[in-house]
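Enquirer: I need the structure of the sequence given here:
(2 chains)
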2 protein chains.
Amino acid sequence: MTGATNAASSSSTSTTQRRAVVLLSGGLDSSTTLALAKEQNHDLYALSFRYGQRHARELEAARHLAQRYGCHEHKIVEIDLRAFGGSALTSDEIAVPQDRPLDEMGQGIPVTYVPARNLIFLSFATAYAEVIGADDIFLGITATDYSGYPDCRPEFLEAFAHTANLATKAGTEDGRTLRFHAPLILLGKADIVREGTRLGVPWELTWSCYEGGALACGRCDSCLLRLKGFAEAGLSDPLPYQN
Amino acid sequence: MTGATNAASSSSTSTTQRRAVVLLSGGLDSSTTLALAKEQNHDLYALSFRYGQRHARELEAARHLAQRYGCHEHKIVEIDLRAFGGSALTSDEIAVPQDRPLDEMGQGIPVTYVPARNLIFLSFATAYAEVIGADDIFLGITATDYSGYPDCRPEFLEAFAHTANLATKAGTEDGRTLRFHAPLILLGKADIVREGTRLGVPWELTWSCYEGGALACGRCDSCLLRLKGFAEAGLSDPLPYQN
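Expert: Predicted structure coming up:
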């Protein structure tokens, strides 16, 4: 694990602030979630993963966002999901789809699904929260807009929360309750763009593209959904695209 | 992640064998669990973790055991739980207790508890099982004999299994059911020693000590419970001890 940085740790941290862990991928959804946790006056501890994804571009985005939001700490955990493979994001043998029609995205679990990814990410978030004494964990999963990922659904998160409290000293002997917040889980991309814009999320610092080019590809599922979100919200995405 | 080895991959693997992931720490319990999975004629995929524990001695033990049992593959996942700390096993600031009376061990969660460790280990096991098409995951947790660990209880494992199936393509779209087996969960150490002995577990290859000396210390909780198990089973532990 590397990259534990103290971004703006000298910023004012009042004693009334409760610590919160925020899972931060650097994309649209996690950035908006970070802004929401900030609005709720939490003392922010950001958590990102270098998990063998195709590029580190999103980690740069996460780093910039953690700094911008004055996170007390930003941990980047190294885990090599590439050793398992099984996803277009962690295996060179599976291509990232391009230019898929939206109705096709809505059918089934996409090849960009990474086996047990959110289960693993949330388990690390649980460890982090337990050690630093944070009872609140925020994540930007959404169950709408064709995500198709089983580990982005409310029933998964509810089951995980129950399990995490049973698993930990925090949730048992210490009498704490770890709470997992997914404030965007029922929102569509357009709603998220509106909410993030209201909160002043610096969209130009975020990164959603599954590819790691100098410019976002504009053709992978993630880019297409992002662009659709901005279009439906009647707003323009400040990020430059290849085409 | 490193250490993916094909130990005895040329061994006979009949088509009737079902694949199973076995969490293998190299200790008494996981070794006996591995032997049980072997007895049930599973095609074995062992999974271990280099997680920042005080020593790598137990990983050597795991490696030898995986070879001895003809595991199809043995993956060693690198995750640095030391970056979180919060445990005598992952922080140099917390000492491993020595010579604790057994009745004291029974009180509360010990300092050797590693925050969210089994949650993290099982999440990786879920990813591994999903990718290789294994529906059975074995682990050697025990809820008895003063373990005191919240993530070793049946209610935790049951909740985790429910969550893992909700989290994965395996448990949803693919219609598989991931089954988590903890065959020793209600056994005491003496029972485990008897069962392992019946199965012919090579005890001399296993390692339980929390310290990483040339010889087992015989004074940490783990050594004391192991020695008590052998004594109560009326058997002798072939492992040499410092005292």
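
Enquirer: and stretch A:85-98, average pLDDT?
Expert: Mean per-residue pLDDT for stretch A:85-98: 84.

Enquirer: low-confidence ranges in chain A?
Expert: Along chain A, the parts satisfying pLDDT under 70 run over A:1-15, A:145-147.

Enquirer: hmm, what's the outermost residue in it?
Expert: Largest separation from the mean C-alpha position in chain A: residue A:173, at 29.8 Å (Cα atoms, centre = their mean).

Enquirer: so it, which state does it fall into?
Expert: coil (DSSP: H, G, I helix; E, B strand; the rest coil).

Enquirer: residues contacting the residue lying closest to residue A:183 once chain neighbours are set aside?
Expert: In this structure, residue A:183 finds its nearest non-sequential neighbour in residue A:36, 5.3 Å apart by Cβ to Cβ, 6 or more residues apart in numbering or on different chains. All C-beta spots, glycine's among them, are computed from the backbone N, C-alpha and C. Residues near residue A:36 by Cβ atoms under 8 Å, 6 or more residues apart in numbering or on different chains: A:138, A:183, A:195, A:199.

Enquirer: what's the spacing between residue A:36 and residue B:27?
Expert: Counting by Cβ to Cβ, to the nearest Å, the gap from residue A:36 to residue B:27 is 44 Å.

Enquirer: what's the end-to-end length of stretch A:51-63?
Expert: End-to-end distance of stretch A:51-63 (Cα to Cα, to the nearest Å): 16 Å.

Enquirer: residues of that stretch that come out buried?
Expert: By neighbour count on 16 or more other Cβ atoms under 10 Å in any protein chain shown, the buried set for stretch A:51-63 is A:51, A:52, A:53, A:54, A:57, A:58, A:59, A:61, A:62, A:63.

Enquirer: what about residue A:204, how many residues nearby?
Expert: The local packing of residue A:204 (other Cβ atoms under 10 Å in any protein chain shown) involves 12 other residues.

Enquirer: secondary structure class for the residue nearest to it when sequence neighbours are not counted?
Expert: In space, and not counting its chain neighbours, residue A:204 is closest to residue A:238: 4.4 Å by Cβ to Cβ, 6+ apart. Using three-state DSSP, the structure places residue A:238 in coil.

Enquirer: and the longest helix for chain A?
Expert: In chain A, taking DSSP state H as the definition, the longest helix is helix A:117-132.

Enquirer: next helix or strand past that helix?
Expert: Per DSSP states H and E, the first helix or strand lying C-terminal to helix A:117-132 is strand A:136-138.

Enquirer: chain center to stretch A:229-243: distance?
Expert: Here the centre of stretch A:229-243 is set off from its chain's centre by 20 Å, with Cα atoms, centre = their mean, to the nearest Å.

Enquirer: cool, and stretch A:99-113?
Expert: How far stretch A:99-113 lies from its chain's middle: 19 Å, per Cα atoms, centre = their mean.

Enquirer: quick one: the helices in chain A?
Expert: Counting by DSSP H, the helices of chain A are A:28-39, A:57-68, A:102-105, A:117-132, A:154-167, A:189-199, A:221-232.

Enquirer: and the angle for the longest helix of chain A with helix B:154-167?
Expert: Here helix A:117-132 runs at an angle of 140 degrees relative to helix B:154-167 (axes from the mean of the first three to the mean of the last three Cα atoms, to 10 degrees).

Enquirer: helix A:117-132 near chain B at all?
Expert: Yes - counting by Cβ under 8 Å from any Cβ of the partner chain, chain B is contacted by helix A:117-132 at A:117, A:118, A:119, A:120, A:122, A:123, A:124, A:126, A:127, A:128, A:130, A:131.

Enquirer: any chance of those residues in TSV, plus distance to residue B:154?
Expert: Output for the residues of helix A:117-132 next to chain B, formatted as TSV (distance: Cβ to Cβ, whole Å):
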residue	distance to residue B:154
A:117	27
A:118	24
A:119	20
A:120	23
A:122	22
A:123	19
A:124	24
A:126	19
A:127	22
A:128	26
A:130	21
A:131	26
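
Enquirer: not counting sequence-adjacent ones, nearest residue to residue A:17?
Expert: residue A:43 is the one closest to residue A:17 (Cβ to Cβ, 6+ apart), at 4.1 Å.

Enquirer: and the longest strand seen in chain A, which strands flank it?
Expert: Taking DSSP state E as the criterion, chain A has its longest strand at strand A:43-50. Here strand A:43-50 is paired, per DSSP bridges, with strand A:19-23 (parallel), strand A:73-78 (parallel).

Enquirer: the residue nearest to residue A:204: neighbour count?
Expert: What residue A:238 shows, counting by other Cβ under 10 Å, is a neighbour count of 11.

Enquirer: and residue A:41, by the same measure?
Expert: 12.

Enquirer: ok, now how distant is residue A:154 from residue A:181?
Expert: Distance from residue A:154 to residue A:181, by Cβ to Cβ: 12 Å.

Enquirer: who has more neighbours, these two?
Expert: Using other Cβ under 10 Å, the more surrounded residue of residue A:154 and residue A:181 is residue A:181, with 20 against 12.

Enquirer: ok, back up a step: just the buried positions in the longest helix of chain A, please.
Expert: Neighbour counts over helix A:117-132 (16+ other Cβ under 10 Å) mark A:117-132 as buried.

Enquirer: packing partners of it?
Expert: The contact analysis (3 or more Cβ pairs under 8 Å, 6 or more residues apart in numbering or on different chains; DSSP states H and E) places helix A:117-132 against strand A:19-23, strand A:43-50, strand A:73-78, strand A:136-138, helix A:154-167, helix B:117-132, helix B:154-167.

Enquirer: was I right about the residue nearest to residue A:17 contacting residue A:19?
Expert: Yes - counting by Cβ atoms under 8 Å, residue A:19 is a contact partner of residue A:43 at 4.7 Å.

Enquirer: and these two? Which one has more around it.
Expert: residue A:43 (21 against 17).

Enquirer: measure the more buried one to chain B for me?
Expert: Per Cβ to the nearest Cβ, to the nearest Å, residue A:43 is found 17 Å from chain B.

Enquirer: contacts only, for that residue.
Expert: Residue A:43 sits next to A:13, A:17, A:18, A:19, A:20, A:72 when contact means Cβ under 8 Å, 6+ apart.
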